[in-house]
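S.K.: Mind folding the following:
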Amino acid sequence: MTALSRYARLESTGRWRAAPGEGGREVVVSFGHATLVLADGSGLPLAHWSLPAVTRLNPGTRPALYAPDEAGSETLEIDDEIMVSAIETVRRSVARARGGPHRLRRALWPTLAVLAAFLGLVWFPGAVRREALEVVPLSKRTEIGATLLGHLQSRLGPACRDPLGAEALQQLHDRALGQGGHAVVLPLGPAAPLVLPGHIAVVPRDLVERAAEPAVVAGHLLAAEATLDGDDPLGLLLDEVGVWATLRLLVTGNLDPAVLEAHAATLLAATPTEPDADLLGPAFAQAEVPLAPWALDLDPTGDTVEDLVAADAYAQAEAPILISDSEWVALQGICQGV
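M.R.: Residues are numbered from 1 along each chain as shown. This is a model prediction of the structure:
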């Protein structure tokens with residue numbers, strides 16, 4: 001299954017109940033060959049569920065509740081937004097495959113008609129790009145972001161998943177970038193935080209562990225988004241893949257997996273943008289995050305970041321508390337055991 005291959009490297013935690021009425025145990029959930037693999041913390045597989053048979057017991061409700069069959073003899077509870085999106089994408093792919101060749105032929109003519117319309121009416125690359133950014137829904141952006149995250153994990157290691165640390169990181173993400181997104185810490189990079197389509201933020205482990213206070217991590221998240229200068233992470237991807245790949249996304253809803261892997265490599269190789277005090281000052285003030293701690297993390301001497309320190313809205317005032325001391329300790333230990 002093409003959809004399955006996109007998520008082969010994704011993992012998340014879940015709560016598995018082997019029989020109704022059990023208290024359940026925490027497991028690591030990953031994709032196998034046409035299966036959903038449930039393993040304990042040491043990596044020992046506990047169960048393999050056939051992906052074509054996996055059933056969602058509570059559509060539209062979180063945490064998502066899955067079973068290996070309609071009887072619900074076993075259940076798996078997942079609260080990880082990225083993994084839930086990936087499972088739902090694979091389930092939809094299976095459902096489409098079951099429609100058979102007749103359904104494919106019926107869908108072909110509308111697809112060709114849409115393609116012809118776009119070739120005739122939306123020819124220029126700029127117009128195609130704008131159209132894509134307007135019509136591609138959040139669910140598809142999250143799917144694209146999850147695929148990119150999978151490629152990053154293949155190079156930088158699986159996401160750190162200490163539950164308390166992940167919760168604290170999510171609080172900083174929501175404070176800096178707003179709700180509706182997700183943040184992960186990868187053990188071996190990237191060089192600077194990244195913002196992927198679907199509001200997925202990627203933070204390197206060393207940044208979290210060296211930071212003097214929560215405002216440093218929140219500041220790096222803010223800077224990662226602010227340096228996009230109002231652009232969309234999906235827009236950066238479309239600029240790289242070109243007009244024909246963008247048209248394919250508009251018509252079929254898909255991008256070639258190879259171009260997503262190439263874009264992940266581009267993101268890792270990119271040089272971090274030089275900070276701009278005029279751009280970052282208002283962004284930090286709006287999020288109510290002090291700017292000076294982040295600036296001094298870039299240059300502890302302060303010599304090269306004087307303009308950033310001067311732009312701090314809290315230079316002469318007490319900065320707000322972003323997370324508690326215990327949450328900060330948990331966040332700095334998010335990669336324990338990795």
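
S.K.: Which element, helix or strand, includes Trp328?
M.R.: Element membership of Trp328, judged by DSSP states H and E, is helix 325-332.

S.K.: which outside residues touch that helix?
M.R.: 162, 164-165, 167-169, 171-172, 208-209, 211, 213-214, 217, 323 (Cβ atoms under 8 Å, 6 or more residues apart in numbering). Bear in mind the C-beta positions are built from the backbone N, C-alpha and C, glycine included.

S.K.: I'd like the mean pLDDT over it, please.
M.R.: For helix 325-332, the mean per-residue pLDDT is 96.

S.K.: Of the contacts of helix 325-332, grab the buried ones for ChimeraX.
M.R.: ChimeraX command restricting the contacts of helix 325-332 to the buried ones, with burial defined by 16 or more other Cβ atoms under 10 Å:
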select :162,165,168,169,171,172,208,211,213,214,217,323
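
S.K.: Which pair of the contacts of helix 325-332 spans the longest distance?
M.R.: The most widely separated members of the contacts of helix 325-332 are Asp162 and Glu213, with 19.1 Å between them, by Cβ to Cβ.

S.K.: Put the alpha carbons of stretch 55-71 into PDB.
M.R.: C-alpha atoms of stretch 55-71 as PDB (Å, rounded to 0.1, in the frame of the first residue of the first chain):
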ATOM      1  CA  THR A  55     -11.800  -0.500  13.000                       C
ATOM      2  CA  ARG A  56     -12.300   3.000  14.500                       C
ATOM      3  CA  LEU A  57     -14.800   2.600  17.400                       C
ATOM      4  CA  ASN A  58     -15.300   6.300  18.100                       C
ATOM      5  CA  PRO A  59     -15.100   8.400  14.900                       C
ATOM      6  CA  GLY A  60     -14.600  12.100  15.600                       C
ATOM      7  CA  THR A  61     -13.700  11.600  19.300                       C
ATOM      8  CA  ARG A  62     -10.300  11.900  21.000                       C
ATOM      9  CA  PRO A  63      -8.500   9.900  22.100                       C
ATOM     10  CA  ALA A  64      -9.100   7.700  19.100                       C
ATOM     11  CA  LEU A  65     -10.200   4.100  20.000                       C
ATOM     12  CA  TYR A  66      -9.300   1.300  17.600                       C
ATOM     13  CA  ALA A  67      -9.900  -2.400  17.500                       C
ATOM     14  CA  PRO A  68      -8.600  -5.300  15.300                       C
ATOM     15  CA  ASP A  69     -12.100  -6.200  14.300                       C
ATOM     16  CA  GLU A  70     -15.700  -4.900  14.600                       C
ATOM     17  CA  ALA A  71     -16.300  -7.000  17.700                       C
END
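
S.K.: May I see the buried residues of it?
M.R.: Applying 16+ other Cβ under 10 Å to stretch 55-71 flags Thr55, Ala64, Leu65, Tyr66, Ala67, Pro68 as buried.

S.K.: Just give me the least confident of those.
M.R.: Pro68 (81).

S.K.: Spatially nearest residue to that one (excluding sequence neighbours)?
M.R.: Nearest residue to Pro68 in three dimensions, chain neighbours excluded: Trp49, at 4.2 Å (Cβ to Cβ, 6 or more residues apart in numbering).

S.K.: One more: Pro187?
M.R.: Gly157 is the one closest to Pro187 (Cβ to Cβ, 6+ apart), at 4.1 Å.

S.K.: Does that neighbour touch Leu186 like I think?
M.R.: Yes. With contact defined as Cβ atoms under 8 Å, Gly157 reaches Leu186; the gap is 6.0 Å.

S.K.: and the two? which has more neighbours close in?
M.R.: Neighbour totals were compared for Gly157 and Leu186, and Leu186 leads with 22 against 15 (other Cβ atoms under 10 Å).

S.K.: ok, how many other residues are close to Gly198?
M.R.: 25.

S.K.: That one falls within a strand, correct?
M.R.: No. Read with DSSP: H, G, I helix; E, B strand; the rest coil, Gly198 is coil and lies in no strand.

S.K.: For it, give its distance to Ala262.
M.R.: 19 Å (Cβ to Cβ, to the nearest Å).

S.K.: that older thread, extract the C-alpha set from the helix holding Trp328 and format it as CSV.
M.R.: This file holds the C-alpha atoms of helix 325-332, laid out as CSV (Å, rounded to 0.1, in the frame of the first residue of the first chain):
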residue,chain,number,x,y,z
ASP,A,325,9.3,24.3,37.4
SER,A,326,8.3,20.7,37.5
GLU,A,327,7.1,20.8,33.9
TRP,A,328,10.4,22.4,32.9
VAL,A,329,12.3,19.6,34.6
ALA,A,330,10.1,17.0,32.7
LEU,A,331,10.7,18.8,29.4
GLN,A,332,14.5,18.7,29.8
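
S.K.: Buried residues of that helix, list them for me.
M.R.: Glu327, Trp328, Ala330, Leu331, Gln332.

S.K.: tell me the domain ranges of this protein?
M.R.: Following automatic domain parsing, one gets these domains for the chain: 2-94, 138-227+272-332.

S.K.: now for those domains, which one comes closest to Leu255?
M.R.: Per Cβ to Cβ, nearest to Leu255 of the domains of the chain: domain 138-227+272-332, 6.8 Å.
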